[in-house]
Each structure stands twice: as C-alpha cells, then as structure tokens.
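Student: following is a predicted model, sequence given first.
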Amino acid sequence: MEKIRYERPVIKKLNTGVMNKYGTRTEYTPFTNIDGAKVKDLIAEFGSPLFVMSEQTIRKTYKDAVRAFTTRYPKVQFAWSYKTHYNNAICNVFHQEGSWSEVVSGFEYNKALLNGVPGNKIIFNGPDKTDEDLILAINNESMIHIDHLDELYRIIELTEELKKRPKVAIRVNMDTGVYPMWDRFGFNYESGQAWDAINKIILTDKMDLIGLHSHIGTFMLTPSAYAVAATKLSDLAFHIKAKFGKNISYIDMGGGFASRNTLKGSYLMGADTVPTFDDYAEAICSALLNSDYSKDELPLLILESGRSLVDDAGYLLGTVLANKRLSDGRKATIMDFGVNLLFTSFWYEHKISPAQEFSHYTEDSVIYGPLCMNIDVIRENVTLPPMKKGDNVVVHTVGAYNMTQWMQFISMRPNVVIIDMEGKPHLIRKKETLEYMNSLEVTPAYLNEFKL
Amino acid sequence: MKIKKNVAISESGFIFNPTTGDSFSTNPIGLEIIRMLKDEKGKDDIRKAILSKYNADESTFEKDYYDFVMMLQNNQVGDEGE
C-alpha cells in the first residue's frame, strides 16, 4: 500500500476578535512553476537559493506602463533605471522594448555603453560623477543631470578644456506635499536655488540646458504629488522661455512609482492599495497638458521608473534548512536565504508561498535566514503550512534592488536565471565561488605563514 | 504524555479545553496522534502507526513528535504527570 504524504503534526490555538475585517491572509496555495518552468526543476538545475526573473512579466509590465502614458501624452520616453537591476540581460530586455538608460555612476554608465546604448540615449544622474565620467559623458553627448553647484562649475571648467557644449539638465527638488521631502538631491525650487542654477547655466553660455528633472521620492503612494512636481517644472520651463526665449526639450519626472509589494506596517496588501500606472499617468500627463505649453512646444516626457517595472518579475526560490521552537512557543523556520540576498525584506512584508502541496492547516511562523546574525529576519510573522527541512518556497516580487543591493556577507551570492518567453530558463549571472572571492584579495607575503 | 480527560476532540480536529476555555485546531496527523494519546498508547506504538501509514523517516517523526507533545503540554491539552 502506498504511504500517505507526511505532514508535520501541528496544533494551533484559535483566537477570536483579533483579525482585521478582511481576515488574515494564509499562503498555502503552492506556487510550483514560473512561466511554465517548474520550481523543483529550476532548483535541481541551478541550486538553491536561486533568483528567477520572468521575461514575460517584464515585457508585459513595461508595455502596460508605456500604454498608460502614451495614450495620455504624445511624446513619452522611458529610461531604464540601472540601479534597480543592472544585470545586462535584464537591461537589454528593457532596451529591446525601446527604453533608454538612466545611470547614477561611472560604473553604471560604462555598463550601459557596453550594452550598446548610444551615449546620447544615456541620462547621467547622481551626485557622484568623476572628471573621467563627465568627460566621457560630454564627449558622448549624454544628458548630464547636474546635482549641485560644485558639479556645475566643474562642467564649466571642462567645457573650456574640451571645447564642447555639454547637453545638461538640472535636478530640481521641491515640496510636493508629501513627507519626507527629498531635498538632498539637486536644486531646491521654492528657495530659488533651481532658478539661480538655470540662470548660471544659460548666462555662462558654455552648455545647452535641454531638460528639467525631478525625482520626488520612492514608493510614492500619492500620484497627485507628481502633478505638483510636473506643474512646478513647467513653471520653470515657462520662466526660461519668458526670460531667454528658449524651449526646454524634455521634462524628466524621474521614478518612484510603487510596486505591488506590501510595506511593513501596512494594513492592506500592497497589490490592493498601490496606484496603477494609469493613476500616475493621469496625474502627470494632465498636469503637463493643462499647463500653458502650445501644441508644438510640449516637451518630451521622460520617465525613469525602475521598481514598478521589474519588481513583480523577480522571484527568489529557497529551501527550508530547519524548524525550531522559540522560547515563547512560536515556530521558527530557517531558510537558506537571508537579508544578505533579500535586502528589501527590511521594508517589505514579502509574500512567501510553499512550492509543494500541503493540506490547508497552517501555523504562524517567524522566517529566519541562515546568517549567524540576529538581524537576519525575513518575516517576523507569516502564516504558512507546516514545512519541513528540504521543502521549497517561493518569495514573490523581489525583482527590484535585491540583485543590486545584495551583500556578499557570510555566504556567496547565488545564480540568477531568466525564464524566456517560451518558458526556457537561461543563466544570466553565475553564483560566486571561493576562487572568485579570493581572486580579489591580496595577502602580503609576510602574512602568508603562521604556526598554531 | 496523556491527554487530559476533560478535553473534547471533534472528528474534524477541533479541540476544546474546558479548564482553560481555549480551543484549538489540528491537522489530520495531529488528530491521529492526539487520539492515540487519548487511548493511552505509548510513543513506540504511535511511532509504528504513523510510520506505517505516512511517508516519513524515524528521525523526522521523532523530532516532530517531541515538538508536538511539547505544544500539547504548553497549551495544557496534555499532561505528562496525569
């Protein structure tokens, strides 16, 4: 007689009067394949933990975003935010879809160039641009977004050395009615800093001011804040037109759109509460169209969305290492992935699904990572089926920032694969090895030997 | 380990402890173990019964059984000394 599948015995105390009115969410529905590729097969071939990116989801999400904006505004261009996910394969999916690139360091700039992005389709943001970076960007006619006056003066000096007119924009920070106000990047609108920088740029006549840029925050849940920003940037553009007779070519609204993740402390699931691309597009496009631009003078609208375009497409597959009972009676499950790989678990309540069938009995658990560090907590309280050592799980919506902010700490970073449009997996980043890590280190000869 | 005599156990795995007023739910394998404990079966008998029916190895069962029994005691459903 064939034996029944074993499930750990559990007993759960029933509490009344503590659930919210929508009920608690229980993740017992098994998530067994990603775009047709079986989770078990992926782990067997590429190991665990494993990051998996869905090309299908990236392309679909991108098309949704483009549709939301192009149906409302005539001139729209997306620029892929490299810092969100700068794996070359992922960047090239966006470039194939028509996205320019938006970079914030020389490292990212050169990555974009090596991917084949023309220099004049690269937007160079950020406070840290070396002379080498600036010279490269000026020679490539990239769009340099000036962050501070020191950078502005250095570019003026470089134009004299290079005898070239760089194409520049300024980053403008402003009060859009949301807290906290991001004022550490760029020039402030309300205090007049931005207008001062614009005057310096135009009157020194060493470079072409072609755009205005803002990036008002991250995981913005209030689309109307973008309308405020678009209106203030447009006001600057009209002032420029009035004083200097120059039209601004583009308004860059930056990024910051929320993904469908759930922020810690949220009452409702992120997927039920975050604004859609249509909500953001309606706010931004209406603000621009309702400004005083004539039809021929409407600026190109650039968007640097990262998180909202790629977060949904990422999964982290993992394996249960052990279960234990904490002193207060709570169940603790230790996974083979921790905060070193899942950096975003510091601010998201990531959805975690089992990757195999269970009954519908669940228990409340703490999910720990494998690091020998007390901070290594993936979920402080999650309701999951009684998993045992060796069972697999899928963490959802991890495509943004994790594969750039991950840390090589205690253990090494794992393989990353992409599932193509036909459901076939391709390795896009190899897991790190001891040989690779050691190859970066240099031990002075006098430290090579010791006796114990 | 014995299940307290006044603890009520339903067919569906609903457990009520009238002493504390607490109620619990358990999964099918948990219910089987509780029933065997209620029938005063020893650990060896329970192990044999579970391993002959379910696809589990001895060490997994051993580990899970002790954890389950500890939870029964912590929830005052079971009593070592009774």
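Tutor: On my side now, so go ahead.
Student: so what's the residue nearest to A:M269 when sequence neighbours are not counted up against?
Tutor: Distance criterion Cβ to Cβ, 6 or more residues apart in numbering or on different chains; nearest residue to A:M269, sequence neighbours excluded, is A:T262 at 5.3 Å. (C-beta placed from N, C-alpha, C; glycine too.) The contact partners of A:T262, by Cβ atoms under 8 Å, 6 or more residues apart in numbering or on different chains, come to A:268-271, A:348-351.
Student: swap in A:I170?
Tutor: A:145-146, A:186-187, A:194, A:197-198, A:201, A:209, A:212-213.
Student: one more: A:E45?
Tutor: A:E45 makes contacts with A:P425, as judged by Cβ under 8 Å, 6+ apart.
Student: ok, now A:W195?
Tutor: Contact partners of A:W195, counting by Cβ under 8 Å, 6+ apart, are A:236, A:239.
Student: so it is in which element?
Tutor: helix A:193-204 (DSSP states H and E).
Student: contact residues of chain A facing chain B?
Tutor: A:3-14, A:323, A:325, A:329, A:359, A:361, A:386, A:388-389 (Cβ under 8 Å from any Cβ of the partner chain).
Student: one more pass at 6 Å, please.
Tutor: Proximity of chain A to chain B, by Cβ under 6 Å from any Cβ of the partner chain, involves residues A:3-14, A:325, A:329, A:359, A:361.
Student: returning to what we had before: okay if I get the contacts of A:I170 as TSV plus pLDDT and neighbour count?
Tutor: Output for the contacts of A:I170, formatted as TSV (pLDDT from 0 to 100; neighbours: other Cβ atoms under 10 Å in any protein chain shown):
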residue	pLDDT	neighbour count
A:H145	98	27
A:I146	98	28
A:G186	95	27
A:F187	97	23
A:A194	97	24
A:A197	97	22
A:I198	98	23
A:I201	97	22
A:L209	98	21
A:L212	98	27
A:H213	98	26
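Student: for burial, what's the neighbour tally of A:N140?
Tutor: By other Cβ atoms under 10 Å in any protein chain shown, 18 other residues sit near A:N140.
Student: which pLDDT value goes with it?
Tutor: For A:N140, the model assigns a pLDDT of 98.
Student: hang on, isn't it packed against A:G119?
Tutor: Yes. The pair A:N140 / A:G119 is scored as a contact, 2.5 Å apart, by Cβ atoms under 6 Å.
Student: which of the residues of chain A next to chain B sits closest to A:T319?
Tutor: Set against A:T319, the nearest of these by Cβ to Cβ is A:R8 (15.9 Å).
Student: how about the contacts made by the closest residue to that closest one other than its chain neighbours?
Tutor: Spatially, and ignoring its direct neighbours in sequence, A:R8 is nearest to A:P386 (3.9 Å; Cβ to Cβ, 6+ apart). The neighbours of A:P386, taking Cβ atoms under 6 Å, 6 or more residues apart in numbering or on different chains as the test, are A:7-8, A:10, A:363.
Student: for B:K63, see how far away A:P386 is.
Tutor: Going from A:P386 to B:K63 by Cβ to Cβ, to the nearest Å gives 12 Å.
Student: A:Y109 - how many residues pack around it?
Tutor: The number of residues packed near A:Y109 is 25, by other Cβ under 10 Å.
Student: next up, the contacts around it.
Tutor: A:Y109 touches A:V103, counting by Cβ under 6 Å, 6+ apart.
Student: and it, that's in a strand?
Tutor: No. Under DSSP: H, G, I helix; E, B strand; the rest coil, A:Y109 sits outside any strand and is assigned helix.
Student: and it, how far from A:I144?
Tutor: Distance, A:Y109 to A:I144, using Cβ to Cβ: 10 Å.
Student: around chain A, which positions in chain B sit nearby?
Tutor: Counting by Cβ under 6 Å from any Cβ, chain B comes close to chain A at B:22-27, B:29-30, B:33, B:53-56, B:64, B:67-68, B:71, B:74.
Student: can you list the low-confidence ranges for chain A?
Tutor: For chain A, the stretches with pLDDT under 70 are A:17-27.
Student: same thing but 80
Tutor: Along chain A, segments meeting pLDDT under 80 span A:1, A:15-28, A:267, A:359-360.
Student: hang on, the earlier thing: switch the contacts of A:I170 over to a markdown table; also include distance to B:S12.
Tutor: Formatted as a markdown table, the contacts of A:I170 follow (distance: Cβ to Cβ, whole Å):
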| residue | distance to B:S12 |
| --- | --- |
| A:H145 | 63 |
| A:I146 | 68 |
| A:G186 | 62 |
| A:F187 | 67 |
| A:A194 | 67 |
| A:A197 | 71 |
| A:I198 | 72 |
| A:I201 | 74 |
| A:L209 | 72 |
| A:L212 | 65 |
| A:H213 | 61 |
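Student: so what strands line up beside the helix or strand bottoming out on mean pLDDT in chain B?
Tutor: Least confident element among the helices and strands of chain B, by mean pLDDT, DSSP states H and E: strand B:78-79 (a mean of 85). Here strand B:78-79 is paired, per DSSP bridges, with strand B:2-3 (antiparallel).
Student: contact partners of the partner strand?
Tutor: B:37-38, B:78-79, B:82.
Student: out of those, who's nearest chain A?
Tutor: Closest approach between the contacts of strand B:2-3 and chain A, by Cβ to the nearest Cβ: B:G78, at 9.8 Å.
Student: quick check: which element contains the closest residue in space to the closest one that isn't next to it in sequence?
Tutor: In space, and not counting its chain neighbours, B:G78 is closest to B:L72: 3.6 Å by Cβ to Cβ, 6+ apart. Per DSSP H and E: B:L72 is located in helix B:58-74.
Student: cool, A:Y28 as well?
Tutor: Following DSSP H and E, one finds A:Y28 outside all helices and strands.
Student: am I right that it is in contact with A:P385?
Tutor: Yes. Using Cβ under 6 Å, A:Y28 is in contact with A:P385, at 5.0 Å.
Student: so between the two, which is more surrounded?
Tutor: Counted by other Cβ under 10 Å, A:Y28 and A:P385 do not tie: A:P385 has more neighbours, with 26 against 15.
Student: dump the residue contacts of that one.
Tutor: A:28, A:354, A:358, A:362.
Student: ranges for the helices of chain A?
Tutor: Remark: helices assigned in chain A by DSSP state H are A:39-46, A:55-70, A:88-96, A:106-114, A:131-139, A:149-162, A:193-204, A:224-244, A:270-273, A:277-289, A:307-310, A:402-405, A:434-439.
Student: for the longest strand belonging to chain A, packing partners?
Tutor: The single longest strand within chain A, with elements called by DSSP state E, is strand A:314-325. With contacts taken as 3 or more Cβ pairs under 6 Å, 6 or more residues apart in numbering or on different chains; DSSP states H and E, strand A:314-325 sits against strand A:50-54, strand A:331-335, strand A:392-396.
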